[in-house]
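S.K.: Show me how the following folds:
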Amino acid sequence: MENGKNYRLVPTFGNSFGTGFQVMQDNFLRLFLVVIVLAVLTAPFSGFNWKFNLNDLPKTPFDWGHMLGHDLQGIFTLGALGMLGIFFGLLALAYSFLAAPVVSYGGDMIFVQAVRKIKPDFELLISGFWKNYLYIILANLLVTALIVLGFFALIIPGIIIACRLVFVSYIVMDKQLDPIEAVELSWKLTRGHGWRIFAMGIVSFFIIIFGLCLMIIGIFPAIMWISCSFATLYQSVLLEKEKPAEAEQLAA
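M.R.: The predicted model follows:
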């Protein structure tokens with residue numbers, strides 16, 4: 001990665017999207033590859049929508065319907081397919097909670113590296129499986145549970161929690177903290193930035209829609225821009241919070 005002047009990191013709405021766009025431009029091919037890999041690895045079952053019809057079965061000389069009756073054949077077949085559907089459902093659920101978060105958290109950290117002008121380390125996409133795996137899985141479960149409980153409490157608390165815990169994935173990967181500490185630190189870092197994060201989330205939604213309108217291909221730059229923007233905000237807030245501590249150390 002080319003050396004040069006560091007990005008302007010100020011925890012504001014405009015600077016996050018502006019610097020995020022610059023980060024995306026400077027690392028376009030690397031981050032484009034990251035987004036492609038994330039799309040493949042985090043949603044392998046998203047397109048699974050198989051509908052079965054008994055009439056689609058090929059006609060064979062060995063007719064179970066003739067021997068057992070067509071009703072019994074249908075019950076037996078549907079039962080078997082139901083078990084198969086349950087198996088794939090459980091497999092998809094297990095993957096979404098035990099594997100996808102590792103890749104997603106690693107991807108988030110790569111975007112932070114790009115903001116820090118560090119050459120993105122693609123190994124982060126899978127290194128979580130043997131480094132910090134338990135923290136990643138538990139942090140994802142904890143954040144998901146808190147947001148779901150918040151949405152059950154009249155939706156607004158869920159939105160607040162989602163905004164305040166937006167930095168958890170970065171913190172777990174960057175600071176190597178356990179889930180509780182990561183949640184507490186995210187809550188602390190986002191204090192005073194809740195409305196800004198909420199506004200960024202709303203704008204991100206429209207950026208995604210606009211990306212989809214550009215012949216779908218535009219979704220990839222849209223995701224890259226959004227990811228760079230939130231990584232920029234994280235790094236900006238982190239520096240903002242660390243400056244007072246550095247000042248105190250110098251004064252001492």
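
S.K.: so residue 215, which of the three states?
M.R.: coil (DSSP: H, G, I helix; E, B strand; the rest coil).

S.K.: tell me the phi and psi of it?
M.R.: phi 60, psi 30 (degrees, to the nearest 10).

S.K.: swap in the one 3 residues further on?
M.R.: Recorded main-chain torsions at residue 218 are phi -70, psi -10, according to degrees, to the nearest 10.

S.K.: And for residue 122?
M.R.: phi -70, psi -20.

S.K.: Equivalent analysis for residue 131, please.
M.R.: Taking degrees, to the nearest 10 as the convention, residue 131 sits at phi -130, psi 120.

S.K.: And the helices in the stretch 101-250 of the chain?
M.R.: Assigned by DSSP state H, counting those that start in this stretch, the helices in the stretch 101-250 of the chain fall at 124-127, 133-152, 156-164, 168-175, 179-189, 194-213, 219-251.

S.K.: Specify the stretch among those helices that is closest to residue 21.
M.R.: helix 219-251 (5.8 Å; Cβ to Cβ). Backbone N, C-alpha and C define where each C-beta goes, glycine included.

S.K.: Go through that closest one and flag the buried ones.
M.R.: With burial defined by 16 or more other Cβ atoms under 10 Å, the residues of helix 219-251 counted as buried are 219, 221-238.

S.K.: nearest residue to residue 20 other than its sequence neighbours?
M.R.: Using Cβ to Cβ, 6 or more residues apart in numbering and skipping the chain neighbours, the partner closest in space to residue 20 is residue 229 (3.2 Å).

S.K.: And that neighbour, how far from residue 150?
M.R.: Note on residue 229: its distance to residue 150, by Cβ to Cβ, to the nearest Å, is 24 Å.
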